[in-house]
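>>> give the three-dimensional model of this entry:
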Amino acid sequence: MSVSDSTYPGRWWHPLEEGRIQCGLCPRDCRLHEGQRGACFVRKMENGRMVLTTYGRSSGFCIDPIEKKPLNHFYPGSSVLSFGTAGCNLACKFCQNWDISKSREMDRLMDAAGPEDIARAARETGSRSVAFTYNDPVVFAEYAMDVADACREAGIKTVAVTAGYMHETPRREFYAKMDAANVDLKAFTDEFYFKLSSAHLNPVLDTLAYLKHDTDVWFEITTLLIPGHNDNDAEIEAMSRWIVKELGQDVPLHFTAFHPDWKMRDIPPTPAATLQRARRIAQAEGMHYVYTGNVHDPEGGTTYCPTCSKPLIRRDWHRIERYELTREGTCPHCGSAVAGRYADKADNFGARRIPVRLQVEAAQA
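Below you'll find the model as predicted:
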């Protein structure tokens, strides 16, 4: 089968009466007629079965700093080979990558690459990991899982950047392949999810709890703060309390700034002061690692020791300027452990962004 075969068999579906099928990947539970695509636009009923129309096809590859995902506690300073496909199973009116995630043009998917091609490219470019990002890997889960298998064989880590909107069975199978994740917790009210994302909050909370209690996946959380919608003190306090109670104090939380886009161009950008206020609230609720993003805020990008409060990893944007963790991931001042995954020494990829074109071997039959 070609790496760009548009009829790659999909998983997690079952037949219904009247010649339809139902997708079992996410809580949307799309019911499809022959030739119809799901809400994500990339899962389709064809010849009576589910197919994945974006397998082996990408909107492009780029080498990023791992901090851009954002992951601040997963091999800091390392480079990550990043790619996405097209489509999304949420319908966020504020989408910051709408040109990819909302794409209905398969012609946007210019790069074709099989799992082994991607693993080889990561190794040859010195990337410590591969990230499934730009659009949600949930919608191309089969492809991401196959890439993860190839990466594991090559000694490369894999990272899912996701909204966490999945059913239990595919969630279990998907995260069995992943080494790290950044989960987008868009807000802490179901009203926000329903009105602005056409989704619901609880499945995302279930994913976070599953990652914490049933896997060894390293994960961090990102919340995009949108003025007037999810940036009030009470909601941030409630979310932070839930994280501390259900996930623990050591899960890193990133508050990032919204910029007007897609269908919410009338909302102003998030002020840096809003992110800094949210960070203080989360810290007051007991969270050890809280960061700000999409604004210039060196303090909000720095990792501090949870015990003695000494700065251990100083960042400016996505660039590490000073790194003081020991090779065991502990504070050199007081010996306290800093939660995360660390190498013997820090990498120093910097804040570069390097587009790459993969050299793809001949397609396998």
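
>>> C-alpha from now on. contacts and neighbour counts both.
OK.

>>> I'd say A337 and R327 touch.
No: A337 is beyond contact range of R327, at 11.0 Å (criterion: CA atoms under 8 Å).

>>> what about these two, which has more around it?
A337 (16 against 13; other CA atoms under 10 Å).

>>> residue contacts, that one?
By CA atoms under 8 Å, 6 or more residues apart in numbering, the residues touching A337 are G329, T330, C331.

>>> could you rerun that using 10 Å?
Counting by CA atoms under 10 Å, 6 or more residues apart in numbering, A337 touches C305, P306, T307, L325, T326, E328, G329, T330, C331.

>>> for the third one, which non-adjacent residue is spatially closest?
In space, T307 comes closest to S336 once its chain neighbours are excluded; the distance is 6.6 Å by CA to CA, 6 or more residues apart in numbering.

>>> Provide a list of residues in contact with that neighbour.
Applying CA under 10 Å, 6+ apart, the residues contacting S336 are C305, P306, T307, C308, G329, T330.

>>> now do stretch 295-312: distance from first to last residue.
21 Å (CA to CA, to the nearest Å).

>>> now that stretch: buried residues?
V295, D297, P298, G300, G301, T302, T303, Y304, C305, P306, P311, L312 (16 or more other CA atoms under 10 Å).

>>> and those residues, which of them are in strands?
Under the assignment DSSP state E, the buried residues of stretch 295-312 contribute T303, Y304, P311, L312 to strands.

>>> where does F41 sit, in terms of helix or strand?
Using DSSP states H and E, F41 sits in no helix or strand.

>>> for it, what are phi and psi?
Phi and psi for F41, reported as degrees, to the nearest 10, are phi 80, psi -10.

>>> if I look at it, how far off is G48?
17 Å.

>>> next: G293.
From G293 to G48 the distance is 45 Å (CA to CA).

>>> who's more crowded, these two?
Counted by other CA under 10 Å, G293 and G48 do not tie: G293 has more neighbours, with 25 against 15.

>>> what does the pLDDT read for the more buried one?
In this prediction, G293 carries a pLDDT score of 96.

>>> same question for the one 10 residues further on.
pLDDT, T303: 98.

>>> which residues touch it?
Contacts of T303 by CA under 10 Å, 6+ apart are 72-73, 252, 288-291, 309-315, 323, 325, 338.

>>> in helices, which of the residues you listed fall?
Among the contacts of T303, no residue falls in helices (DSSP state H).

>>> all strands for the stretch 251-365 of the chain, in order.
253-257, 290-293, 303-304, 311-316, 319-323, 354-356 (DSSP state E, counting those that start in this stretch).

>>> mind listing the strands the first one pairs with, and their directions?
What it means is strand 253-257. Counting by DSSP bridges, the strands paired with strand 253-257 are strand 218-225 (parallel), strand 290-293 (parallel).

>>> distance of the closest residue in space to A113 that isn't next to it in sequence relative to D111?
Distances taken as CA to CA, 6+ apart place G56 nearest to A113, at 5.2 Å, with adjacent residues excluded. Taking CA to CA as the measure, G56 and D111 are separated by 8 Å.

>>> more crowded one of those two?
More crowded of G56 and D111, by other CA under 10 Å: G56, with 25 against 19.

>>> V130 sits in which helix or strand?
Counting by DSSP H and E, V130 is found in strand 129-132.

>>> following that strand, which helix or strand comes up?
Per DSSP H and E, the helix or strand that comes after strand 129-132 is helix 141-153.

>>> give me the helices and strands touching the helix or strand just after that next one, please.
For helix 141-153, the following helix or strand on the C-terminal side (DSSP H and E) is strand 157-162. For strand 157-162, the packing partners by 3 or more CA pairs under 10 Å, 6 or more residues apart in numbering; DSSP states H and E come out as strand 79-83, helix 115-124, strand 129-132, helix 141-153, helix 168-175, strand 180-184, strand 218-225.

>>> now render these as CSV, adding distance to K345 and mean neighbour count.
CSV is the format used below for the helices and strands packed on strand 157-162 (distance: least, CA to CA, whole Å; neighbours: other CA atoms under 10 Å):
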stretch, distance to K345, mean neighbour count
strand 79-83, 14, 27
helix 115-124, 18, 20
strand 129-132, 16, 28
helix 141-153, 21, 21
helix 168-175, 27, 17
strand 180-184, 19, 23
strand 218-225, 19, 23
